[in-house]
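Undergrad: Got a predicted structure here, sequence first:
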Amino acid sequence: MSGAGDLSASLILRRGALARVGLERVALIEAVAELGSISAAAKRLDLSYKGAWDAVQALNNLFDAPLIAAGAGGRAGGGAQVTPRGHAVVRAFRDMEREVGAALARLEAGLASEVGEDLFWSLGLRTSARNALRGTVVALAPLGVTVEVRLAIGGGVEIASVITRRSVEELGLAVGRPAVALIKSSFVRLVSDAQAGVDGNVLAGEVLDREDGEAASEVVVALPGDKTLVATVPTALVAGLAPGVSVHAVIAPSDVILAVD
């Protein structure tokens, strides 16, 4: 398909709503598998190390098992291995990629160009939420016009979200249904162990990494089950948040947005 107006396809694997694995991330997994290093893979793909590291964390958060096992060093470096789950995702992606070209050619032959544009223009949905954690609904508790939905994200960790009863119905939420919890980093509050007795979601973890800015710092917290959570903290308040420090991430259930396919 060489014409300027021809349809083209960008294959994306989805794991829940907004959980995307596209060509760029598959290429990153392949490079890590070959080179055994996130930093080396980033250089090959002309990515910043931070961008590659963030992509690895996002991949591991969005699947039920890690795709890449990173060694010690965090953003500062270290070895990495692609897990069997990661290799399976790459194989599935490449197998489907080979089929997409032929399928798209058949589709293009049966559609007028303007209809094709109307069908495909909106498929690349993205979210501004820094945290996207895939899980499974394990409980729904009615609270009048709202419902508390509990999502198990792995490692024995659950996240509660309070949404309207109508939203529960429109999303088709039920026990056993996969869903994705979307949480803005500014909604995550980090407290010490001594302060952890507060209401809402209280997730125990350990500071994995911290990147300081002039006004705010980005703190990455490692959770059980190889998940991570990112919090935005005023730089003036991060003195004690060094890698390895135990913390609790506190998130109000009303600040957790749920999404489904």
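TA: That came in fine, so what should we check first?
Undergrad: which ones are touching residue 34?
TA: If you count contacts by CB atoms under 8 Å, 6 or more residues apart in numbering, residue 34 has them with residue 41. (C-beta placed from N, C-alpha, C; glycine too.)
Undergrad: Go again with 10 Å.
TA: Going by CB atoms under 10 Å, 6 or more residues apart in numbering, residue 34 touches 40-41, 44, 82.
Undergrad: And the residue nearest to residue 68 when sequence neighbours are not counted, how far from residue 70?
TA: Distance criterion CB to CB, 6 or more residues apart in numbering; nearest residue to residue 68, sequence neighbours excluded, is residue 56 at 4.9 Å. Counting by CB to CB, to the nearest Å, the gap from residue 56 to residue 70 is 6 Å.
Undergrad: any common contacting residues for the two?
TA: Counting by CB under 10 Å, 6+ apart, the residues touching both residue 56 and residue 70 are 32, 38, 80.
Undergrad: ok, how many other residues are close to the closest residue to residue 171 other than its chain neighbours?
TA: Nearest non-adjacent residue to residue 171, counting by CB to CB, 6+ apart: residue 260, 5.0 Å away. Neighbourhood size, residue 260 [other CB atoms under 10 Å]: 15.
Undergrad: Please apply the same query to residue 169.
TA: Neighbours of residue 169 using other CB under 10 Å come to 10.
Undergrad: which other helices and strands contact the helix or strand harbouring it?
TA: Element membership for residue 169 (DSSP states H and E) is helix 165-171. Where contact means 3 or more CB pairs under 10 Å, 6 or more residues apart in numbering; DSSP states H and E, helix 165-171 is packed against strand 131-143, strand 146-154, strand 157-164, strand 257-259.
Undergrad: Packing partners of the last one?
TA: By that I understand strand 257-259. strand 131-143, strand 157-164, helix 165-171, strand 178-183.
Undergrad: mind redoing it with 6 Å?
TA: Packing partners of strand 257-259 (3 or more CB pairs under 6 Å, 6 or more residues apart in numbering; DSSP states H and E): strand 178-183.
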